[in-house]
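pasting the sequence and the predicted coordinates here, then a few questions.
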2 protein chains.
Amino acid sequence: MNLPQFCSTGATIQDVAEKAGVSKKTVSRVINSEDYVTEKTARKVHDAIAALGYVPNVSAQRLASKRSYVLTLVYQAEEPPGWLTHVIQGIVQKAAEHGFEVVIHPSEVDEAASQQSLQALVMRGGTDGLILLPPFASDTEFNQHLFEGGMALASIEPSNPDLPWLVATITNHQGALEMTEYLLGLGHRRIGFILGPEAYSGSWERLDGFNDALKAAGVVANKELIVSGDYTFESGLAQGRVLLAVKPRPTAIFASNDEMAAGVIQAAYEKNLRVPDDISVVGFDDSTLACRLSPPLTTIRQPTIELAAKVTEALIRTINDDTQADGDTRIEMTTSLVVRASAGKP
Amino acid sequence: MNLPQFCSTGATIQDVAEKAGVSKKTVSRVINSEDYVTEKTARKVHDAIAALGYVPNVSAQRLASKRSYVLTLVYQAEEPPGWLTHVIQGIVQKAAEHGFEVVIHPSEVDEAASQQSLQALVMRGGTDGLILLPPFASDTEFNQHLFEGGMALASIEPSNPDLPWLVATITNHQGALEMTEYLLGLGHRRIGFILGPEAYSGSWERLDGFNDALKAAGVVANKELIVSGDYTFESGLAQGRVLLAVKPRPTAIFASNDEMAAGVIQAAYEKNLRVPDDISVVGFDDSTLACRLSPPLTTIRQPTIELAAKVTEALIRTINDDTQADGDTRIEMTTSLVVRASAGKP
DNA sequence: TTGTATGCGTTATCAT
DNA sequence: ATGATAACGCATACAA
């Protein structure tokens, strides 16, 4: 299976140059649409390219230009699939626009092998930029090392947004605030809250938004109604059971992401409680899961695709510019409330 | 940001050769662990590599070897996220084992741009093999063209499994048969069925399995209870509403994938019908969605990760062998029934 | 067992 | 505006 030109004709830039009666460099100029080429010459070259069915060899381009035109996405395999695919969609879309390929790199947090293979990829010049998802998005020694070495980095929703490289986040506080106000507006006063992973600053921002809304409404927060999850369905199920056992039972539960909200709904189902008649349940993210649940989940929409697209564009700009990202290394996208059917009056 | 050796020391094979006092070729031999190298020489080389922090440049390797060490996954963005991420997981796992990177290529079916960018990738020597998901996995002119050109191809669950290249499928017929027998065993006689896309042979295999089980049990299939969906949640919701309106109402609904089953559950919810007390609902795939639904979905498990891993391994073998895939170009994985809580006695 | 010379298909430099 | 020539960093054939 060593047929390099299985579909391409195998013509090289040299062939084109000869056919067009110009030098290789001139062909190269035309390909890369550089300046200083007569229209007439350009036409000759284009004709030759068409006649020969010439396609530039990407490996040669990469070697000569010292760039890979590859962006690598680093994430953990357990990431919620809906969110992940949206991230991928946004990245690939922008990457394609700029002639970049996207390489996928699911890693295991503790497994040295995957970290090592990433390092290998990076060190071998296999990628021009890294897009990091939690938990890899944070301020690790490895990332610092890469950044100082000049690698272009972008973190999406890092555990701590205070990084020297490109960071994309959403308005966690505002989103949680808005959702809580909505619940309050419905008449709820005893609202349970399930926290995300404690290592993520975004988890705390969401909790703060929740608490601030309560405070503004003069509602006393009940410590018993705030429990810790970790963004997984399982933790939502477990903590949902806990919250539903509290007496008197909360009238609403705000799970700080959709996966956990699905868990809460299941916990309610187990207890034969109707959502939203007996208990209101809301989430955060507006993942693909949200509208597939019954009832469809009221949640906070996170513009994931757009966010990913924006970061990618910024990252590519960083890569193309010789200048270090000066100025806007922070991207923040605003969330919005999506009212579906999982929350009602108490 | 043009620092090629941001982390690598920028040492080349030449530097290593000089430091070790050997030729470039010898270093190359050591790197690629070829035969005929004295242990002593190898040690010298390894020392030099370590001292210099040398890492082979991947672009140079690719250019010289005329191979990209890249596998490209072609799929449509709307693919169910759970299934897709599992496919990716399986592919990346095996790819990494063999030193291959995985490039992602979400395409729009009708959009010429994405097809073109794929063709470009392929023609420029940017990939050694293609893994095709529906609807791209089928017998298109483009794929034929690639195959005849010598490109290594693998299709996962193609619409028609009768392809000259590597094909991976699951036991659709057997799975649907088993599920129907389970439903029958529970006592159901009026069972609704929601068909997948009519263009997919897998859809018909599942329907055949369903019908064969009914026939074997001596149950007369009711035409009214068989409706057409397209594997999307929305179609499941729509056809679920249709089936639930049939008089007398079916006691169970077999949606031929989990997404559609989620739609049926929502349709039941809308009508205030309890699952499984009032109506049993089952799916097919055992996607990540299945256990997040309430009640957790009884379904047919499809070993997606293993399937993807197997195809990938076979594909890489095809790429590495100079021989065309002789013999096993077909991989079939067996499904299994997963009993959860969405089906009960009628 | 090791080395030499050459090729891979571009881009980059510096002339002209 | 265009071209000759040298990188780019490794692999490969063939010698030794």
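Here it is on my side, so go on. Numbering: from 1, shown residues only, chains lettered A, B, ... in the order given.

residues contacting the residue nearest to A:Leu153 when sequence neighbours are not counted?
Sequence neighbours aside, A:Trp165 is the residue nearest to A:Leu153 in space, at 4.1 Å (criterion: Cβ to Cβ, 6 or more residues apart in numbering or on different chains). From N, CA and C alone the C-beta is placed, and that goes for glycine too. Counting by Cβ atoms under 8 Å, 6 or more residues apart in numbering or on different chains, A:Trp165 touches A:Asn143, A:Phe147, A:Ala152, A:Leu153, A:Ala154, A:Ser155, A:Ala325, A:Thr329.

state the distance from A:Trp165 to B:Phe100.
To B:Phe100, A:Trp165 is 28 Å away according to Cβ to Cβ, to the nearest Å.

tell me the phi and psi of the residue nearest the centre of chain A?
The residue lying closest to the centre of chain A (Cα atoms, centre = their mean) is A:Val87, at 3.9 Å. Dihedral angles of A:Val87 (phi, psi; degrees, to the nearest 10) stand at phi -60, psi -50.

quick check: it touching A:Leu73?
Yes: counting by Cβ atoms under 8 Å, A:Leu73 is a contact partner of A:Val87 at 7.5 Å.

shared neighbours, these two?
Residues touching both A:Val87 and A:Leu73 (Cβ under 8 Å, 6+ apart): A:Leu133.

by contact count, what packs against the helix or strand harbouring A:Glu181?
Element membership for A:Glu181, per DSSP states H and E: helix A:172-186. The contact analysis (3 or more Cβ pairs under 8 Å, 6 or more residues apart in numbering or on different chains; DSSP states H and E) places helix A:172-186 against strand A:191-195, helix A:201-216, strand A:252-255, strand A:280-282, strand A:299-301, strand A:336-338.

close to chain B: what parts of the stretch 151-300 of chain A are there?
Within the stretch 151-300 of chain A, the residues that sit near chain B (Cβ under 8 Å from any Cβ of the partner chain) are A:151-152, A:233, A:259, A:262-263, A:265-266, A:268-269, A:288-289, A:291-296.

among these, which are in strands?
Among those, the members found in strands (DSSP state E) are A:Ala152.

go through the residues of the stretch 151-300 of chain A next to chain B and flag which are in helices.
Among these, the members falling in helices (DSSP state H) are A:Phe233, A:Glu259, A:Ala262, A:Gly263, A:Ile265, A:Gln266, A:Ala268, A:Tyr269.

you'd agree the last one is up against B:Pro295?
Yes: applying Cβ under 8 Å as the test, A:Tyr269 and B:Pro295 come out as touching, 6.2 Å apart.

where does the nearest residue to A:Pro164 once chain neighbours are set aside fall, secondary structure wise?
Nearest residue to A:Pro164 in three dimensions, chain neighbours excluded: A:Phe147, at 6.4 Å (Cβ to Cβ, 6+ apart). Applying DSSP H and E as the criterion places A:Phe147 in helix A:141-148.

then A:Ala11?
With DSSP H and E as the test, A:Ala11 turns up in no helix or strand.

residues contacting it?
A:Leu52, A:Gly53, A:Tyr54, A:Val55.

for the first one, give its distance to B:Lys94.
Applying Cβ to Cβ, one obtains 37 Å for the distance of A:Leu52 from B:Lys94.

of these two, who's got more company?
Per other Cβ atoms under 10 Å in any protein chain shown, whichever of A:Leu52 and B:Lys94 has more neighbours is B:Lys94, with 21 against 18.

three-state assignment of that one?
helix (DSSP: H, G, I helix; E, B strand; the rest coil).

got it, and A:Asp139?
Classification of A:Asp139 by three-state DSSP places it in coil.
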